[in-house]
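Peer 1: sequence first, then the predicted structure:
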2 protein chains.
Amino acid sequence: MATIDDVAREAGVSISTVSYALSGKRSISPSTRLRVEAAATKLGYLPHASARMLAANRSDIIAVTTPLHPDTDQSAHMTFTMEVTKAARDVDYDTVLLVHNDAVEGMKRSAATSLADGIIVLDVDAHDERAVLARQLKCPVVFIGIPADTTGLVCVDLDFEAAAVMAIDRLVAAGRTNIALISHPTETIDRESNFPLRFLHAFEGHAASLGLDAITVNPTEHRAHEAIDAIMTRMPNLNGLVLNTTSDIAGSVSAALAEYGRKVPTDVGVIAAGVTFSTHRFPVPFDTIPLDAHASCTTAVAMLVDLIENHASLPERTLIPPSYIEHGSVTPATVAKTSKAT
Amino acid sequence: MATIDDVAREAGVSISTVSYALSGKRSISPSTRLRVEAAATKLGYLPHASARMLAANRSDIIAVTTPLHPDTDQSAHMTFTMEVTKAARDVDYDTVLLVHNDAVEGMKRSAATSLADGIIVLDVDAHDERAVLARQLKCPVVFIGIPADTTGLVCVDLDFEAAAVMAIDRLVAAGRTNIALISHPTETIDRESNFPLRFLHAFEGHAASLGLDAITVNPTEHRAHEAIDAIMTRMPNLNGLVLNTTSDIAGSVSAALAEYGRKVPTDVGVIAAGVTFSTHRFPVPFDTIPLDAHASCTTAVAMLVDLIENHASLPERTLIPPSYIEHGSVTPATVAKTSKAT
DNA sequence: GACTGTTGTCGAAGCGCTTCGACAATGTTG
DNA sequence: CAACATTGTCGAAGCGCTTCGACAACAGTC
């Protein structure tokens, strides 16, 4: 409730001196700065947000659009939203939330009213309407996720293509060449949420280039059994499995394989790739190539701030290299697994 | 980018007339209002957020503090955060997110800088430090959740006590009197997250008052098997089960019961109570007494706005009556279940 | 010691809006 | 038709801050 005038009076200086002393935007003698700081602390002074925004012509607020599709993975979104918020606070920005039925209108509004200095877009579809809008807004926008057409946009995401390649290469290196991918549920694919498609295409492409016999399934259920049934029918000698799917499905893979008498990792090596959840609570934890929300969000916020403060010109796509976390779910395939070695 | 001056010029009136015409705070002749509205639309005018905030001395922003404990149920929090945001937008407020490591500092800051007009507190512990802070802040605060001491606060939540009573009464009405409760994991209880405690105490109290033999378990795992083991050991004739627990645990209840040859609902009637998740994806969906995020958040936001705009004086506790959703998981107990009736 | 920097401080001009008081221009009342 | 309300509009005063230009005061320079 104390204003800059109170601080100025207390410190015996003018309000502009207070402003400069506190912001450091002009040199102020140490003695004066100390007096001003003491006065500010004593009075519990914090600049009035809207007054600062109006005068400085910046709000220090980032808007976050987080659509909620029916098939949205709530906890993944919470993770991303929170990571954006934390990353923003670390660089002294606050975040406002824009909900979906409101996503386009909200983006327009927060840009037009100067509520936000910039916008972060989450859960990007291949043909996202927010991409069209972003191109016409003068307000900086960063996408976490990659739409089909990135022209004129700034996008950050895990390198799903590299993650798919890494997953296959790991399995192959372990001598596991009968490989299947359980991808995301059909409803997510149908919506053209883009990252499952990117992963899937890279998976198929890399498998083909290695001459592998690899198959892919998109479940319709929220458990793995149906997908495993489909895989075991077509590939009874399965020995490597890649999961780029939901937590519920991944969590029931071990049980579904058990119904065929297959164990992880002895019979089937499993890698969860491009997923936000941790598998440490699963009956058997899986090696994971994580979709690291922290890395994506920190990068995205840093880029957005660069755009806001420096009008930087940034690449359309920034891909975060995948990393591999071992949990022992991929062991070398033994040639005759069922008969014990000497 | 158009300012109120541009609109005033376009409409041939003064800026105060524009302001009144658009806000409706003073009567303006229909012809003038129409002209102003046309001009505003033509120029795409929206008032500059911080200018409006500064002049009107209100930000139309609500802060939401959503702590993230290690055991936090991410998707429940996302649901609440989103519901608050939607409810706020419906009454023309935006929401800023305050993350936890920052919760107290963030509340102070958003109040002191007038960033937010009011604060919503989520995930309330029995002895929440934010309650102490709320009492000394002049900024209106509404809690979604009930701390141990509500003196001087405004709190909204599901009536967990009534929900526990309702769950027991339903089972008893179905002739099921050998009842157990699977509560939340010990780590959540240890943190003194308050609603599991409220449910648990009400459950035990009501069971005792009915003279029922009811038992309670707090799991340590993220699946039901351990809890079911404990229950079946102590109460082999179990025929009613109440779940006030996590989605993972509730989701594995049917499987855990199956290991004892018990089926839902024939052998054991099951009710999920005070939970945010839906059981419709479970192998057997359960009757549910939902913790309705929409209802809680809408009520909380309405009360907060009442506090902000009317300085209303509101009750310390507003309890939302529980509702019961049937999915067929509680059928009348037959006396001799295993032997078929004539 | 007259010249040109620095450095530290101040005053004042806004930022774009809301809102108060004033006041014509009407309408209403006895 | 005077006296009094009511209605519609305007001008101006801020809201609390940032930031620009001005300018003393003091240092270096040749």
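Peer 2: Nice, thanks for sending it over.
Peer 1: for the rest of this, base every contact and every neighbour count on C-alpha atoms.
Peer 2: Noted.
Peer 1: backbone dihedrals for the residue of the stretch 101-250 of chain A found nearest chain B, please?
Peer 2: Closest residue of the stretch 101-250 of chain A to chain B, C-alpha to the nearest C-alpha: residue A:113 (4.4 Å). For residue A:113, the backbone dihedrals are phi -90, psi 0 (criterion: degrees, to the nearest 10).
Peer 1: next one: residue A:249
Peer 2: According to degrees, to the nearest 10, the main-chain angles of residue A:249 amount to phi -70, psi -50.
Peer 1: hang on, the earlier thing: relative to residue A:57, how far out is the residue of the stretch 101-250 of chain A closest to chain B?
Peer 2: 11 Å (C-alpha to C-alpha, to the nearest Å).
Peer 1: before we move on, what about residue A:231?
Peer 2: Note on residue A:231: its distance to residue A:57, by C-alpha to C-alpha, is 58 Å.
Peer 1: comparing those two, which shows the higher neighbour count?
Peer 2: Neighbours of residue A:231 and residue A:57, each counted by other C-alpha atoms under 10 Å in any protein chain shown, are more numerous for residue A:231; the result is 21 against 14.
Peer 1: now do the SS call for that one.
Peer 2: For residue A:231, the secondary-structure state derived from DSSP: H, G, I helix; E, B strand; the rest coil is helix.
Peer 1: show me what contacts it?
Peer 2: Residues in contact with residue A:231 (C-alpha atoms under 8 Å, 6 or more residues apart in numbering or on different chains) are A:180, A:215, A:217, A:238.
Peer 1: got the contact list for the residue minimising distance to the centre of chain A?
Peer 2: With distances taken as C-alpha atoms, centre = their mean, residue A:293 lies nearest the centre of chain A, 3.9 Å away. By C-alpha under 8 Å, 6+ apart, the contact list for residue A:293 reads A:79-80, A:83, A:276.
Peer 1: so can I have TSV of the residues you listed showing pLDDT, secondary structure and distance to chain B?
Peer 2: Converted to TSV, those look like this (pLDDT from 0 to 100; DSSP: H, G, I helix; E, B strand; the rest coil; distance: C-alpha to the nearest C-alpha, whole Å):
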residue	pLDDT	secondary structure	distance to chain B
A:79	91	helix	7
A:80	94	helix	11
A:83	95	helix	9
A:276	93	coil	12
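Peer 1: can you tell me which of these lies nearest to residue B:73?
Peer 2: Of all the contacts of residue A:293, the one with the least separation from residue B:73 (C-alpha to C-alpha) is residue A:79, at 10.9 Å.
Peer 1: quick check: closest non-adjacent residue to the closest one.
Peer 2: Once its chain neighbours are removed from consideration, residue A:79 has its nearest residue in residue A:293; the separation is 6.7 Å (C-alpha to C-alpha, 6 or more residues apart in numbering or on different chains).
Peer 1: skip the chain neighbours and tell me the closest residue to residue A:188.
Peer 2: Taking C-alpha to C-alpha, 6+ apart as the measure, residue A:188 lies nearest to residue A:71, with 6.7 Å between them; neighbours along the chain are not counted.
Peer 1: my guess is the one you found contacts residue A:186. True?
Peer 2: No - counting by C-alpha atoms under 8 Å, no contact exists between residue A:71 and residue A:186, whose distance comes to 10.2 Å.
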